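In: Quick one, what's the 3D model for this:
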Amino acid sequence: MCRRRRTDGVGSVRYRMPWIPQQPVLNHAGPDTGLTVELAAVVTGARRRALRDGDRQIDTAHLLHSLIESDPEVRAAFEGGSQLARVLGYLVQRSIGYGLRWQGSVEDSGALPVVSRNDLAVRDFGVEGWSPSAAAAMSGALGRAAERGDVRAGGLDLLAALAVDRECRAVEVLSRAGVDADELAARVADVRDRGVPEARG
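Out: Residues are numbered from 1 along each chain as shown. The predicted model follows:
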């Protein structure tokens, strides 16, 4: 777009306004409600990763990547550093290899949100900027928290919700990295019971 700028007695000079590409519109309200501060940060990280990758939607692989990077309880649910390294290795390569077929497609595994009698778990996550599978996982995380009487969902809730959706991209990444989703879901409960081990110096 060009605009005219007047100069002193010389007439007018044309200059060009820099073109700024339109960014995909990602949701900033809905799924952030009812989350712990830590999980809200995970969502923010997933949103930022989706924007950086040029994806129009946050998908379950974005959520898994952000969970592993941000949440020590989630990392404790895996079988050591080597397993985590394999998972992260696949996640950072989503723009090449197997991840190429994800580009331009909508992630929809057909998963249904977990609905609890507790009204806190009944949320509409069908918002712009979220894949149906990612929306179902977030709703499932809220449902798990509500069932045990918590008003906010945490990282382990989301990890467990991702693990039970066998058709989502997050579980595809886990499978390629040699992680059994059923075993991972079982370890989530163990980590919640015993907490994260203190780091040894």
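In: what is the rounded mean pLDDT of stretch 131-146?
Out: Across stretch 131-146, the average pLDDT comes to 92.
In: on contacts alone, who are the packing partners of the helix or strand hosting Arg144?
Out: Per DSSP states H and E: Arg144 is located in helix 132-147. In terms of contacts (3 or more C-beta pairs under 8 Å, 6 or more residues apart in numbering; DSSP states H and E), helix 132-147 is packed against helix 60-70, helix 155-163. C-betas here are computed from N, CA, C, even on glycine.
In: Which positions within stretch 36-46 qualify as buried?
Out: Residues of stretch 36-46 classed as buried by neighbour count (16 or more other C-beta atoms under 10 Å): 36, 38-43, 45-46.
In: same check, this time on stretch 160-170
Out: Counting neighbours by 16+ other C-beta under 10 Å, one finds that the buried residues in stretch 160-170 are 160-165, 168-170.
In: How about stretch 143-151?
Out: 143-146, 150.
In: Keeping just the C-alphas, turn that stretch into CSV.
Out: Taking Å, rounded to 0.1, in the frame of the first residue of the first chain, the C-alpha atoms of stretch 143-151 are listed here in CSV:
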residue,chain,number,x,y,z
GLY,A,143,-13.2,-33.8,33.0
ARG,A,144,-10.5,-35.7,34.7
ALA,A,145,-9.8,-32.9,37.1
ALA,A,146,-13.5,-32.4,37.9
GLU,A,147,-14.0,-36.1,38.6
ARG,A,148,-11.5,-35.9,41.4
GLY,A,149,-12.9,-32.7,42.7
ASP,A,150,-10.3,-30.2,41.4
VAL,A,151,-11.5,-27.0,39.8
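In: hang on, the earlier thing: just the ones of the buried residues of stretch 36-46 in helices?
Out: Judged by DSSP state H, the subset of those located in helices is 38-43, 45-46.
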